[in-house]
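Q: sequence? don't have it. structure:
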């Protein structure tokens with residue numbers, strides 16, 4: 001890409017707004033607008049979540065905060081597995097969704113999305129990734145996201161797909 005990527009944390013005094021949107025796109029746009037306003041540069045913001053069909057789309061927008069502030073990644077996926085304990089495997093369908101917003105001076109705001117469809121397994125598998133990766137089974141590769149290499153995960157994940165759409169949008 002013909003861009004230099006910099007983290008917002010490299011800018012002294014920079015901050016991100018709270019995630020108060022009703023959609024992933026609203027949260028991603030809020031972050032990108034804040035970054036662009038602070039830096040004056042083309043900026044990205046993202047939001048993502050895990051949507052479990054048997055839980056009516058939960059944890060969804062609240063994926064990172066699922067179960068409250070006292071839980072770490074392991075605690076969150078343990079809570080998820082507990083909520084799904086009585087749900088038969090065929091009804092444990094889920095997806096990871098990632099939305100990336102692009103905001104910058106002199107250009108229209110744009111949003112791209114990536115989705116990875118899968119199933120929540122009954123017990124964690126694998127040591128890679130983070131968050132819910134040990135319980136998210138990806139059928140096309142027959143493994144959980146935590147069992148995939150970084151390269152495999154990047155090629156098929158919701159973030160990888162959203163970033164591929166972003167590259168196309170930027171002409172890369």
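A: Nice, I can see it. The structure presented is a predicted model; accordingly, all values stated were derived computationally and were not measured. Numbers count the residues shown, from 1 in each chain.
Q: what's the neighbour count on the residue lying closest to residue 53 once chain neighbours are set aside?
A: In this structure, residue 53 finds its nearest non-sequential neighbour in residue 93, 4.6 Å apart by Cβ to Cβ, 6 or more residues apart in numbering. Using the backbone N, CA and C atoms, a C-beta is placed for each residue, glycine as well. Using other Cβ atoms under 10 Å, residue 93 has 15 neighbouring residues.
Q: for residue 93, give the beta-bridge partners.
A: Under the criterion DSSP bridges, residue 93 forms beta bridges with residue 119.
Q: what distance do you get for it to residue 129?
A: Plainly put, residue 93 is 19 Å away from residue 129 if you go by Cβ to Cβ, to the nearest Å.
Q: just residue 46 next, same as before
A: For residue 46 relative to residue 129 (Cβ to Cβ), the value is 17 Å.
Q: again, but for residue 149
A: Taken as Cβ to Cβ, the span from residue 149 to residue 129 is 10 Å.
Q: list the contacts of the residue nearest to residue 53.
A: Contact analysis of residue 93 by Cβ atoms under 8 Å, 6 or more residues apart in numbering lists 52-54, 117-119.
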